[in-house]
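> Just need the structure, nothing else, for what follows:
(2 chains)
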Amino acid sequence: MKKNYGKRIFLLEIFAIILGLIFLVPFYFVIVNSVKGFSEILIDAAALPKEILFSNYAKVWEIISFQDAFLNSLIITVFSVTGIVLISSMAAWKMVRTPGKLSKFLFILFVSAMVIPFQTVMIPLMKLGGMLGIMNSIPGIVIMYFGFGVSLSLFLYHGFVKTIPQEIEESARIDGCSQFGVFWRIVFPLLKPITVTVIILNTLWIWNDYLLPLLVLQDAELRTIPLATSSFFAQYTKQWDMGLAALVMGIAPVIVFFLFLQKHIIKGIAAGSIK
Amino acid sequence: MNPELQAKRKVNFKKGLGYAAFVGPALLFFILVQIIPFLMGIYYSFTSWNGVSSAVEWVGLDNYIRIFTDDPKFFNSFMFTVKFMIAAVLISNILGFGFALLLNAALKTKNILRTVFFIPNVIGGLLLGFIWQFIFVKGFASIGNLTNLDFFKLPWLGDETTAFWGIVIVFAWQTSGYMMVIYIAALQGVDTSLLEAAKMDGASNLSILKNIIIPLILPAFTICFFLTISMAFKIFDINLSLTGGGPFNSTESVAINIYQEAFQNNRYGLGTAKSILFFVVVALFTTFQVMFTKKREVEA
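Numbers count the residues shown, from 1 in each chain, chains lettered A, B, ... in the order given. Sure thing, here's the model as predicted:
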């Protein structure tokens, strides 16, 4: 439907661009003020900086040991997301291919847990974590993310597996391929579109999560980016110059990730929601 | 035993083993992290457990009775959460749907603008709250001085009403882009020949929207309402970093109230009782909403 680009559309376009700019104003404030001196922020937060100071960033980098926080966030996110992808894709495939009461029951169990608010399980989970000795450790929190991530991911895989035809799997079976072989060599590559969605949704959630790391990771060396940024804020309340530099550093990695993959991310979110 | 039956059993055993190998890992972590803590939570909600001592005393329904009869702070946080949920769900869906309609038109900048509206979603709620704290405190004051508009000179975050709307603004700023993506996906599924036919028949844009587009994409409304209702109900991060529940506890969400009851007041028993009630309310609300909107989908 190629319509001529008329006056009405042109006005709509101008309107949309203005809306978009308004939407970005918070970023303008944060970035511009993160390179100002403290007194300059107090005088006028809307003005452009007279000179650009990167010293705020250097100081914050030191104080929150940014590279450690970044590495912790990265390790936790990568291991958790990998695990979630593996266990939920395997389970979803097997459950779809083995119809019956057990599979149906398990599916309902996995999916209905999605309405349990995190606050409902967090208190006993801390107790259980203590009993199992997995508190205050990165492997411990990764295991917890497996358990929380599996519901939605399995749900997405389950819906997708139902749409792929079974014939290729059967012929591979007849040719003597084991179930693991069938899954890894044939099924898993076919699941790629939904795997992208599962990776994106879980990455954004785990990378940005605050409460679970706050409860599980007590040692300062294990802090993730949200934890490090927030404790910095608590310590330097209203020290806007440093605080804003910390915020920009905190949000930069995930924004870069998004800008590189935005096409896939927006597509993945749409695919993940409409099921 | 006859060999045929034996062989059959062997096959069944092998099948069971395969099932366990594929489904087992997911089930194991799921039970460990969600099911067992959930069941433990039900138990602890009937105790006066303080989280530290190993002696856990059974108190029956005491916690629940206390919540209903003697906890005005919890009641207030509940009222705040419900009011917030209604305002936040309406505003973020109106904005999200509006953006979707706008960016479904043949604009040259539509792809860039989709990215722009979506960006706040990639940032964690906690950092968003801090960003907006600065905007409300310093940014709005500067804009107020420049433009002389009273709106920007309000004591944002310092007053009960404005703090409430402050959180709504931040929530809508974050979620409307996400809803937009879902609405756009739905709009693209609408058959354009239907719209063209209606236009030929002389239908106005508004009546096309009301009588054709909206009924066709009702499933997207079901999903968007489900998502925003559960997100708004569970609001914690934005709330914590933006207002910390203030001023005077007026913006304390249920999630923050539970967190503080357990980890600051060390009343784990009472905290879990609140969290179980919270679960019941969230579950009832979302189930009711999905049933309600689903029913309309069928009619449409």
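> What backbone torsions are found at the one residue in the stretch 51-200 of chain B that gets nearest to chain A?
Closest contact between the stretch 51-200 of chain B and chain A, by Cβ to the nearest Cβ, is at residue B:124 (2.9 Å). Yep, even glycine has a C-beta here, placed from its N, CA and C like the rest. Main-chain dihedrals, residue B:124, degrees, to the nearest 10: phi -70, psi 150.
> Against residue A:73, how distant is it?
The spacing between residue B:124 and residue A:73, counted by Cβ to Cβ, to the nearest Å, is 10 Å.
> again, but for residue A:149
In terms of Cβ to Cβ, residue A:149 sits 16 Å off from residue A:73.
> again, but for residue B:144
37 Å.
> List the contacts of the residue of the stretch 1-150 of chain A at minimum distance from chain B.
Going by Cβ to the nearest Cβ, chain B is nearest to residue A:147 of the stretch 1-150 of chain A, at 2.3 Å. Residue A:147 makes contact with B:29-34 under the criterion Cβ atoms under 8 Å, 6 or more residues apart in numbering or on different chains.
> in the helix or strand hosting it, what counts as buried?
Taking DSSP states H and E as the definition, residue A:147 sits inside helix A:138-161. Across helix A:138-161, burial judged by 16 or more other Cβ atoms under 10 Å in any protein chain shown covers A:138, A:140-158, A:160-161.
> Same question for stretch A:82-94.
A:83-85, A:87-94.
> per-residue pLDDT, the residue nearest the centre of chain B?
Nearest to the geometric centre of chain B sits residue B:231, at 0.9 Å (Cα atoms, centre = their mean). Residue B:231 carries a pLDDT value of 94.
> What about the residue in chain B that chain A sits nearest to, how many residues nearby?
Of all residues in chain B, residue B:33 sits closest to chain A, at 2.3 Å by Cβ to the nearest Cβ. By other Cβ atoms under 10 Å in any protein chain shown, the residues close to residue B:33 number 23.
> Equivalent analysis for residue A:25, please.
Residues near residue A:25, counting by other Cβ under 10 Å: 14.
> element containing it?
helix A:7-34.
> Any residue of that helix touching chain B?
Yes: applying Cβ under 8 Å from any Cβ of the partner chain, one finds helix A:7-34 touching chain B at A:9, A:12-13, A:15-17, A:19-20, A:23-27, A:29-30, A:33.
> Can you convert the contacts of residue A:147 into TSV and add a column each for pLDDT and secondary structure?
What follows is the contacts of residue A:147, written out as TSV (pLDDT from 0 to 100; DSSP: H, G, I helix; E, B strand; the rest coil):
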residue	pLDDT	secondary structure
B:29	98	helix
B:30	98	helix
B:31	97	helix
B:32	97	helix
B:33	97	helix
B:34	97	helix
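> Tell me where chain B is predicted with low confidence.
Along chain B, the parts satisfying pLDDT under 70 run over B:1, B:298-300.
> rerun at 50
Applying pLDDT under 50 to chain B flags the ranges B:300.
> coming back round to it: starting from the helix holding residue A:25, tell me the next helix or strand along the chain.
Trace forward from helix A:7-34 with DSSP H and E and the next one is helix A:38-43.
> So what touches that following helix?
A:33, A:47, A:49-50, A:239-241, A:244, B:138.
> ok so, going back, who's more crowded, residue B:144 and residue A:73?
Under the criterion of other Cβ under 10 Å, the comparison of residue B:144 against residue A:73 puts residue A:73 first, with 24 against 16.
> Does the more buried one belong to a helix, a strand or coil?
Three-state call for residue A:73 (DSSP: H, G, I helix; E, B strand; the rest coil): helix.
> mind listing the helices in chain A by residue range?
A:7-34, A:38-43, A:55-63, A:66-97, A:101-112, A:118-132, A:138-161, A:167-174, A:179-181, A:188-190, A:192-208, A:211-216, A:225-235, A:240-273 (DSSP state H).
> which helices and strands does the fifth one pack with?
In this structure, helix A:101-112 packs against helix A:66-97, helix A:138-161, helix B:3-30, with contacts taken as 3 or more Cβ pairs under 8 Å, 6 or more residues apart in numbering or on different chains; DSSP states H and E.
> so it versus helix B:3-30, what angle?
10 degrees (axes from the mean of the first three to the mean of the last three Cα atoms, to 10 degrees).
> could I get helix A:101-112 in PDB with only the CA atoms?
Extracted C-alpha coordinates of helix A:101-112, given in PDB (Å, rounded to 0.1, in the frame of the first residue of the first chain):
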ATOM      1  CA  LYS A 101      -1.300 -36.400  31.600                       C
ATOM      2  CA  LEU A 102       2.200 -36.000  33.100                       C
ATOM      3  CA  SER A 103       3.300 -33.500  30.400                       C
ATOM      4  CA  LYS A 104       0.100 -31.600  30.600                       C
ATOM      5  CA  PHE A 105       0.300 -31.400  34.400                       C
ATOM      6  CA  LEU A 106       3.900 -30.200  34.400                       C
ATOM      7  CA  PHE A 107       3.200 -27.600  31.700                       C
ATOM      8  CA  ILE A 108       0.400 -26.100  33.800                       C
ATOM      9  CA  LEU A 109       2.600 -26.200  36.900                       C
ATOM     10  CA  PHE A 110       5.500 -24.400  35.100                       C
ATOM     11  CA  VAL A 111       3.200 -21.800  33.500                       C
ATOM     12  CA  SER A 112       1.000 -21.000  36.500                       C
END
